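Asks: Requesting a structural model of the entry that follows:
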Amino acid sequence: MASLIRFSNVTKSYGKGEATAYALRGVDIEINSGEFVAIMGPSGSGKSTAMNIIGCLDTPTQGEYLFQAVDVGTLSRDQRALLRRHYIGFIFQGFNLLGKTSAVENVELPLLYRGFPAHVRREKALEALKSVGLEHVAHHTPGELSGGQQQRVAIARAIVTDPLVLLADEPTGNLDSAKSIEVMELLQSFNRDKGITIIMVTHEDDMASYAERTIHFRDGLIDQVAHR
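Replies: As a prediction, the model looks like this:
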């Protein structure tokens, strides 16, 4: 498998002098195309900072972040935004759906930002909803859907642009056990059948067990790497 993401001695700090606080302390990571990786660690361990850097929402203070061999640190803010828009899908614990907008319109949003014409947006959004088993609720608003259905709409929105990588931040955090398993099996299927690289932050060992590899953070460093 080809290397998709690589951190080389990545440090992230805030403040100066004696007030300097370190979120990451020289981290090395390599994630290959097509992997399913879980990231774990206690609050303040650096895992969320690492995810924000991977998602081009933040930049390292020192070190190098390569995405498909491109040094992200050399890109402008607009170029990082384009990288995010074209190659990365995001799934959040809180779903982040527009409450007064239908499921299909929520899924269309990333395509709207990319300038797709209306008929193409609708076709691709319906196809994405079908892939998560929700084509029958395409015109329902989030308030008319269960938590599990809302998360599946959020997953459809994340995959509608055919991203290279999905970043999932506690994707089952607001779901019960049965719905959590549904979501994890769905993510696993996209990884297996579509080859989408998945990087997931979770606090739950049973959710992390779906990943091929688990990276444990502690105090801004990688504490342990476990393979399934």
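
Asks: drop to CA atoms for contacts and neighbour counts, all remaining ones
Replies: OK.

Asks: how about the nearest residue to Lys47, chain neighbours excluded?
Replies: The shortest distance from Lys47 to any residue other than its chain neighbours is 6.1 Å, reached at Phe217 (CA to CA, 6 or more residues apart in numbering).

Asks: Across the sheet, point out what pairs with the residue at minimal distance from the centre of the chain.
Replies: Closest to where the C-alpha atoms of the chain average out (CA atoms, centre = their mean) is Leu167, at 1.0 Å. In this structure, Leu167 bridges to Phe90, Ile199 when assessed by DSSP bridges.

Asks: residues in contact with it?
Replies: By CA atoms under 8 Å, 6 or more residues apart in numbering, the residues touching Leu167 are 51, 55, 88-91, 198-200.

Asks: With distance to Gln188 added, can I get the residues you listed in JSON lines?
Replies: Shown next, in JSON lines, are the contacts of Leu167 (distance: CA to CA, whole Å):
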{"residue": "Met51", "distance to Gln188": "19"}
{"residue": "Gly55", "distance to Gln188": "20"}
{"residue": "Ile88", "distance to Gln188": "17"}
{"residue": "Gly89", "distance to Gln188": "15"}
{"residue": "Phe90", "distance to Gln188": "15"}
{"residue": "Ile91", "distance to Gln188": "14"}
{"residue": "Ile198", "distance to Gln188": "9"}
{"residue": "Ile199", "distance to Gln188": "11"}
{"residue": "Met200", "distance to Gln188": "11"}
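
Asks: Return the member of those nearest to Ser76.
Replies: Gly55 (14.4 Å; CA to CA).

Asks: Neighbours of that closest one, how many?
Replies: 22 (other CA atoms under 10 Å).

Asks: And Leu134, by the same measure?
Replies: By the measure other CA under 10 Å, the count of residues near Leu134 is 19.

Asks: contacting residues around it?
Replies: Leu134 is in contact with 149, 152-153, counting by CA under 8 Å, 6+ apart.

Asks: which stretch of helix or strand covers the residue nearest to Lys47?
Replies: strand 213-218 (DSSP states H and E).

Asks: and after that strand, which helix or strand comes next?
Replies: strand 221-227.

Asks: circling back: need the contacts of Leu167 in JSON lines with distance to Leu4 and pLDDT, can you?
Replies: Below are the contacts of Leu167 laid out as JSON lines (distance: CA to CA, whole Å; pLDDT from 0 to 100):
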{"residue": "Met51", "distance to Leu4": "14", "pLDDT": "95"}
{"residue": "Gly55", "distance to Leu4": "13", "pLDDT": "96"}
{"residue": "Ile88", "distance to Leu4": "12", "pLDDT": "96"}
{"residue": "Gly89", "distance to Leu4": "15", "pLDDT": "94"}
{"residue": "Phe90", "distance to Leu4": "17", "pLDDT": "94"}
{"residue": "Ile91", "distance to Leu4": "19", "pLDDT": "93"}
{"residue": "Ile198", "distance to Leu4": "11", "pLDDT": "97"}
{"residue": "Ile199", "distance to Leu4": "12", "pLDDT": "98"}
{"residue": "Met200", "distance to Leu4": "15", "pLDDT": "97"}
